[in-house]
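Participant: Got a predicted structure here, sequence first:
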Amino acid sequence: METWFTPFEPQPLTEHLPGSFPHPFDEGAPHALARRAAELLQAALRAGDIAPGLPASCLDSAEGGKMFGVLVAQAPDGRVGFLRAFSGMLAGRWDVSGFVPPLFQRDAREQLEPAGEAQVKGLWAREEAFRSSEELVSTRVAHDALTANHAAARARMRADHEARRKQRHARRAELTASAALDAESRRTALHALDQESRGDKAELRRLEAAHDEALRLLTPQRTRLERRLRAMERLRLFVCRALMKRLHDTYVVPNARGERQPLRRLYPGGEPPSGAADCAGPKLLAHALDQGLRPLALAEFWWGAPPPAGGRASGAYYPACKDKCGPLLPFMLEGLPVSAPRPFTPRAMASRELDILFEDEWFVVVDKPEGLLSVPAKDTSVEDSVQARLRTRYPDAPEVLLAHRLDLDTSGLLVAAKDLRTYAALQRLFAQRQVHKRYVAWVDGEVAGERGTIDFPMRVDLDDRPRQIHDPVHGKPAVTEWRVLERRDGRTKVALFPLTGRTHQLRVHAAHPLGLGAPIVGDRLYGHPGTRLHLHAEALAFRHPVTGQPIALERPAPF
């Protein structure tokens, strides 16, 4: 036990111990003792003291960042200390000195994994070799070239036919109007034009028939090869799933009641997600319970380079992941008193009049304070919002609708329509990028360069809502222009010009390495929490949707 359990020095007072285990999915800050333990681990990581043979730089590469965790626990002799863990593997190793071991049964895994991985790699190699084989590649190229050539020939022929159709139409008009032709000559000339039209249709049919015949000869070969490739893919996936099930069966999960369950029994359908039980939290709890330690509090934090998708900042604390640990941790904590979860809720704001910058009979522009929702919460837990206050202010307006929104944590200019027609017109202006927006922000770091454009697609993190992540495959386009305004004390003040309106776009574009690489000061989701998010929508410019007059409004940031 002494290998992994580190007692606190000095020991904390009894009254400083948590009365119940803080909920692992809490959005709030970790318990003070868990934070104390995390800071000790962070100091060691900062000093490069990870483990023998593991340099600190192993966490700084694009794939090197890692989620770490600490578990405050009490030993049978009453001493209070903590355990350390990392999620998954660290530098390709399951076992690192000073960190708790993985949860799986070693002997069973060692019998399965090498042969299973070799089999999967062999199937993958065979599949890739066939995918790049000359037979399949040449067949695909020939098939695609045939289709492309036919489309081009068909387009050319249709263009020619359309030109001749217009000429025939003009010729028919001339023949019909001509007084110099007798009826028989006119009938003969019109018949010739009809024959020409039929000839064009026949020519198109011949082209289509030739293409169909060429496809008839080529398609069966491609179909046969594609079917073979899909069979290889299915076989590999079948073997992978079977191997994953057998690997999951090497995990037996304990809980504080002294019960034990196979991992797969804790998940719907018996299919845990990849990496389940390898997160820091389950490792820590399993080791503590197996060693007779009483778990008191858990904290997990990211350290090192952010993941490729973004959404993590070095040194920031995060709740346990609900996708992998949602069914797992509640079982492991059965038998312990556990506090109710503390979901994030905005602080109550004094009910006061909104600051109005512009108002006429069609719309109003307000300066939204930080901490006030744009619209009421979906779950009705918080009804106070800009929209609710405006509807109270204008009780006779048929509808007050926000033309756009600002995050809860963002302050600044917000436009609301007083009727549906104006709302639709304002929405069109925003959709067509005819509203010029300027934000100002302080970011936590030295930004390289003086100006630029950030352009990478984003989507919501399905496992960690409401955070957004970079996803080049499934993300939606997100573009932001930026310009440095000031540099001071390791921070940079920037002007941000969003050209699209994705959720949390500016926050993600600031924090992600593909963007500014520096989170906005006070960003609790993508950086480090503070007194407030230093992001403010300071200027709007657009043409009045009814009168057409130019509107330009500005309100300096309050920070």
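Facilitator: Received it, and whenever you're ready, just let me know what you need.
Participant: pLDDT of the one helix or strand residue 108 maps to, averaged?
Facilitator: Using DSSP states H and E, residue 108 sits in helix 106-131. Averaged over helix 106-131, pLDDT sits at 93.
Participant: Can you name the next helix or strand after it?
Facilitator: helix 134-177.
Participant: Quick check: buried residues in stretch 110-121?
Facilitator: Neighbour counts over stretch 110-121 (16 or more other CB atoms under 10 Å) mark 112, 116, 120 as buried. Using the backbone N, CA and C atoms, a C-beta is placed for each residue, glycine as well.
Participant: ok, these vs residue 342, which is closest?
Facilitator: Nearest to residue 342 out of the buried residues of stretch 110-121 is residue 112 (CB to CB; 40.1 Å).
Participant: Which residue, neighbours along the chain excluded, lies closest to the closest one?
Facilitator: Nearest non-adjacent residue to residue 112, counting by CB to CB, 6 or more residues apart in numbering: residue 246, 5.4 Å away.
Participant: That neighbour against residue 119, yeah?
Facilitator: No: proximity of residue 246 to residue 119 does not meet the contact threshold set by CB atoms under 8 Å, at 11.7 Å.
Participant: returning to that earlier point: can you lay out the buried residues of stretch 110-121 as a markdown table showing distance to residue 58?
Facilitator: As requested, the buried residues of stretch 110-121 are exported to a markdown table (distance: CB to CB, whole Å):
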| residue | distance to residue 58 |
| --- | --- |
| 112 | 27 |
| 116 | 26 |
| 120 | 26 |
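Participant: now stretch 144-155: mean pLDDT?
Facilitator: Per-residue scores along stretch 144-155 average to 93.
Participant: buried stuff in it?
Facilitator: Residues of stretch 144-155 classed as buried by neighbour count (16+ other CB under 10 Å): 146, 150.
Participant: Give me the contact list for that stretch.
Facilitator: With CB atoms under 8 Å, 6 or more residues apart in numbering as the test, stretch 144-155 has contacts from 204, 207-208, 211, 214-215, 218.
Participant: again, only using 10 Å
Facilitator: 204, 207-208, 210-212, 214-215, 217-219, 222 (CB atoms under 10 Å, 6 or more residues apart in numbering).
Participant: Buried only: go through those for me.
Facilitator: Among the contacts of stretch 144-155, those classed as buried by neighbour count (16+ other CB under 10 Å) are 207, 211, 214, 222.
Participant: so, if you compare those, which one comes nearest to residue 75?
Facilitator: Closest to residue 75 out of those is residue 222 (67.0 Å), distances taken as CB to CB.
Participant: quick one: contacts for that closest one?
Facilitator: Applying CB under 10 Å, 6+ apart to residue 222 gives the contacts 136, 139-140, 142-144, 215.
Participant: tell me the angle whichever helix or strand it is part of makes with helix 134-177.
Facilitator: Element membership for residue 222 (DSSP H and E) is helix 183-248. Angle, helix 183-248 to helix 134-177, by axes from the mean of the first three to the mean of the last three CA atoms, to 10 degrees: 150 degrees.
Participant: where's helix 183-248 relative to the chain centroid, distance-wise?
Facilitator: Offset of helix 183-248 from its chain centre (CA atoms, centre = their mean, to the nearest Å): 38 Å.
Participant: Which element is encountered next along the chain beyond it?
Facilitator: Going down the chain from helix 183-248, the next helix or strand is strand 252-254, by DSSP H and E.
Participant: can you tell me which residues contact the nearest residue to residue 245 once chain neighbours are set aside?
Facilitator: Sequence neighbours aside, residue 264 is the residue nearest to residue 245 in space, at 7.0 Å (criterion: CB to CB, 6+ apart). Contact analysis of residue 264 by CB under 10 Å, 6+ apart lists 244-245, 248-249, 251, 253, 270-272, 276.
Participant: before we move on, what about residue 524?
Facilitator: Counted by CB under 10 Å, 6+ apart, residue 524 has contacts 27, 29, 316-317, 344, 409, 507, 530, 532-533.
Participant: now do residue 417
Facilitator: Contacts of residue 417 by CB under 10 Å, 6+ apart are 362-364, 390, 397, 399-403, 423-427, 545.
Participant: still on that earlier bit, can I get the contacts of residue 264 in TSV including pLDDT, distance to residue 478 and neighbour count?
Facilitator: Formatted as TSV, these follow (pLDDT from 0 to 100; distance: CB to CB, whole Å; neighbours: other CB atoms under 10 Å):
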residue	pLDDT	distance to residue 478	neighbour count
244	92	34	18
245	93	38	13
248	93	37	19
249	94	42	17
251	96	39	24
253	97	40	23
270	87	38	13
271	90	33	12
272	93	32	22
276	90	31	25
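Participant: between those residues, which is nearest residue 75?
Facilitator: residue 253 (22.1 Å).
Participant: give me the low-pLDDT residue ranges for the stretch 351-500 of the chain?
Facilitator: Residues of the stretch 351-500 of the chain that meet the criterion pLDDT under 70 lie in 351, 379-381.
Participant: Check the secondary structure at residue 102 for me.
Facilitator: Following DSSP: H, G, I helix; E, B strand; the rest coil, we place residue 102 in the coil state.
Participant: List the beta-bridge partners for residue 468.
Facilitator: Note on residue 468: beta-bridge partners by DSSP bridges are residue 460.
Participant: Tell me, how many residues neighbour it?
Facilitator: Residue 468 has 27 neighbouring residues, counting by other CB atoms under 10 Å.
Participant: Distance check, it against residue 144.
Facilitator: Computed with CB to CB, to the nearest Å, the distance linking residue 468 and residue 144 is 36 Å.
Participant: nearest residue to residue 6 other than its sequence neighbours?
Facilitator: Leaving aside its sequence neighbours, residue 6 sits nearest to residue 81 (CB to CB, 6+ apart; 5.0 Å).
Participant: Show me what the one you found bridges to in the sheet.
Facilitator: Bridge pairing for residue 81 (DSSP bridges) gives the partners residue 7, residue 73.
Participant: correct me, but it touches residue 291?
Facilitator: No: the pair residue 81 / residue 291 is not scored as a contact, 11.5 Å apart, by CB atoms under 10 Å.
Participant: who touches both of these two?
Facilitator: Taking CB under 10 Å, 6+ apart as the contact rule, residue 81 and residue 291 both touch 1, 4-5, 73, 75.
Participant: Alright, that wraps it up for me.
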